[in-house]
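Visitor: below is the sequence, then the predicted model.
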Amino acid sequence: MTMEHRSLVKEGSKMESREESEVSKPKWRDKKAAETLIGLIEGLRIKPDSSASGRSIYVLKGGQVQFYDASRIRDYFALLREYVKFNEEVPFPLRENFISEAIAKAGAQGELIAKQISDFIRHQEKEYLSQDRSFYTLASKITLVGLESTRTFSTGNATIKIRKDLPRKIAKHYDFDQAKSASPDHEGADFAWVLVEVKERCIYSAAATALKELDYWIALLNITLNHNLSRESFGRPEPINRLRKHHYHSLHLPSGEKATRDYWYEVRHPSNGNVLFYDDSLKDLFAHQRKLHKLIIKCGQKNFFSKIFSRYCDALETNDLNKSFLELWGVLEAITQTKNSSYETTIQRAKFIYAENSMEMVDLKLRVLREKRNMVIHDGEGILDGERFIFILLAIIHENIRIQMAFYNKGYTPSDYLRLVELPALKNDARQMESDLLEKKNDLKMYFKVKLK
């Protein structure tokens, strides 16, 4: 067993013990809404003695064959899935399967009841989480040219290897024709191969984890490459990230055989664009990448930054500037933890980290960026001079990431950060707040002195 295998086994055992203690009943996010949907599904059931002619039939097997009108049932399944509080370790493709099987089992016992369905889902979830993990390898390419030798990087949840070619055992089973058909432009390029090894329970979890860890690794490089970057494109712009994922991803077993006939495809990623060339400066960049990774691991916020970096990659691997801009605003909301808050909260938190003499200008920029975001969302308009505004937003995101990394490495947490940014942004206001609190403290001392007597 290699050192990488031992590392992943150790990490996997930690995750398993943690999951066993965290498994809880999947509660309905909104029980009333779930019961309404279950009632609608019940209404689609076709009784054995009724005619089903002219109707599309959806068949469920749960001890007995059950027939449902297929006209809306898949929509109801998808909606019901959103009201189940699944354990985050259950992969998305399995969730609707769990619901379908739970409804089939509940239906076999009579009328559909929310509690029964919840119990069946809980049982399936528990069975899934008790499964052993196995090794899988995601094989793909990245837009890196001129690699001299294999490089290996461990993210903690995956081992990533960048190679000039595929190992024989994987090349023997890799579907080159399928890959060429899916991405003809990329197949002709001399891009480096990337192998992402993970330890997961099923192909869906394996692919999701591998792609998330690959995004994390790519983002650590691109954040440095994109720092203080600015450009002005003429004609159709290229993606901002120079290092990007290939369109086509194939999942393999340790033997090299394909884990599934399915493949994963990045449908919106363009074939054209700048690439990254392997040279001495890139060797320094790899060293800086490892330094950033160590800082993130040291502060214990890998999961927090991993989610942000995955969205960062998605935003900057497309040449659609409107999409890039909207998704970057989502990254800003994620790093400031303002997903369900107002725009005003996002602006206040994003500018909080800046020096007082810069805060007014940052506030102005953020308000213009917010207006541009609303224009795209609500009016369906493209952003004139969009590339310039993307780089303005990118600079604010980079600064927030830098400051938060430093903040968390002092032993603080994202919850501490939320409490911090709720305080006044200006020092004079903070001192006035401190003075008011001291006065209140003295008032409380007097209150308790009097009340106790």
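Guide: Nice, I can see it.
Visitor: longest strand in this structure, please.
Guide: Taking DSSP state E as the criterion, the chain has its longest strand at strand 134-145.
Visitor: same for that strand, what does it pack against?
Guide: Counting contacts by 3 or more Cβ pairs under 8 Å, 6 or more residues apart in numbering; DSSP states H and E, strand 134-145 is packed against strand 191-200, helix 203-225, strand 248-252, strand 276-277. Just so you know, the C-beta spots here come from the backbone N, C-alpha and C atoms, and that holds for glycine as well.
Visitor: give me that answer again for 6 Å
Guide: strand 191-200, strand 248-252 (3 or more Cβ pairs under 6 Å, 6 or more residues apart in numbering; DSSP states H and E).
Visitor: okay, it in CSV with CA atoms only?
Guide: In CSV, the C-alpha atoms belonging to strand 134-145 read as follows (Å, rounded to 0.1, in the frame of the first residue of the first chain):
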residue,chain,number,x,y,z
SER,A,134,-13.6,1.8,-2.2
PHE,A,135,-10.9,3.5,-4.2
TYR,A,136,-11.8,5.2,-7.5
THR,A,137,-9.7,7.3,-9.9
LEU,A,138,-11.1,10.1,-12.1
ALA,A,139,-9.1,10.4,-15.3
SER,A,140,-9.2,13.7,-17.2
LYS,A,141,-7.1,16.5,-18.6
ILE,A,142,-6.3,20.1,-17.7
THR,A,143,-5.1,23.0,-19.8
LEU,A,144,-1.5,22.6,-18.8
VAL,A,145,1.1,22.2,-21.6
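Visitor: okay, buried residues for it please.
Guide: 134-144 (16 or more other Cβ atoms under 10 Å).
Visitor: what residues does that strand touch?
Guide: Residues outside strand 134-145 that contact it (Cβ atoms under 6 Å, 6 or more residues apart in numbering) are 170, 190-199, 206, 210, 243-244, 246, 249-252, 254, 259, 275-277.
Visitor: turn the helices and strands packed on strand 134-145 into a markdown table, including distance to His227, mean neighbour count and mean pLDDT.
Guide: Shown next, in a markdown table, are the helices and strands packed on strand 134-145 (distance: least, Cβ to Cβ, whole Å; neighbours: other Cβ atoms under 10 Å; pLDDT from 0 to 100):
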| stretch | distance to His227 | mean neighbour count | mean pLDDT |
| --- | --- | --- | --- |
| strand 191-200 | 23 | 24 | 97 |
| strand 248-252 | 28 | 22 | 95 |
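Visitor: export those strands as a markdown table, with columns for distance to Leu60.
Guide: Output for the helices and strands packed on strand 134-145, formatted as a markdown table (distance: least, Cβ to Cβ, whole Å):
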| stretch | distance to Leu60 |
| --- | --- |
| strand 191-200 | 28 |
| strand 248-252 | 29 |
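Visitor: closest one to Phe309 among those?
Guide: Minimum separation from Phe309 across the helices and strands packed on strand 134-145 (Cβ to Cβ) falls at strand 191-200, 14.6 Å.
Visitor: tell me what that closest one is packed against?
Guide: Using 3+ Cβ pairs under 6 Å, 6+ apart: strand 191-200 touches strand 134-145, strand 159-163, helix 203-225.
Visitor: and Gly62, which of the ones you listed is closest to it?
Guide: helix 203-225 (22.4 Å).
Visitor: name the residues that touch that closest one?
Guide: 91, 93, 136, 138, 153, 155, 157-158, 160, 196, 198, 200, 241-243, 251, 259-260, 264, 288-289, 292, 306, 309-310, 312-313.
Visitor: which among those count as buried?
Guide: 91, 136, 138, 153, 155, 157-158, 160, 196, 198, 200, 241-243, 251, 259-260, 264, 289, 292, 306, 309-310, 312-313.
Visitor: what is the mean pLDDT for stretch 222-229?
Guide: For stretch 222-229, the mean pLDDT works out to 91.
Visitor: what residues of that stretch count as buried?
Guide: So, applying 16+ other Cβ under 10 Å, buried residues of stretch 222-229: 222-223, 226.
Visitor: chain center to it: distance?
Guide: A distance of 21 Å separates the centroid of the chain from that of stretch 222-229, by Cα atoms, centre = their mean, to the nearest Å.
Visitor: and the residue positioned nearest the centre of the chain, what element?
Guide: For the chain, the residue nearest the mean C-alpha position is Lys307 (4.3 Å; Cα atoms, centre = their mean). Take DSSP states H and E as the rule and Lys307 turns out to sit in helix 302-316.
Visitor: quick one: contacts of that helix?
Guide: Here helix 302-316 has contacts from 212, 215-216, 218-219, 240-241, 296, 324, 327-328, 331, 334-335, 414, using Cβ under 6 Å, 6+ apart.
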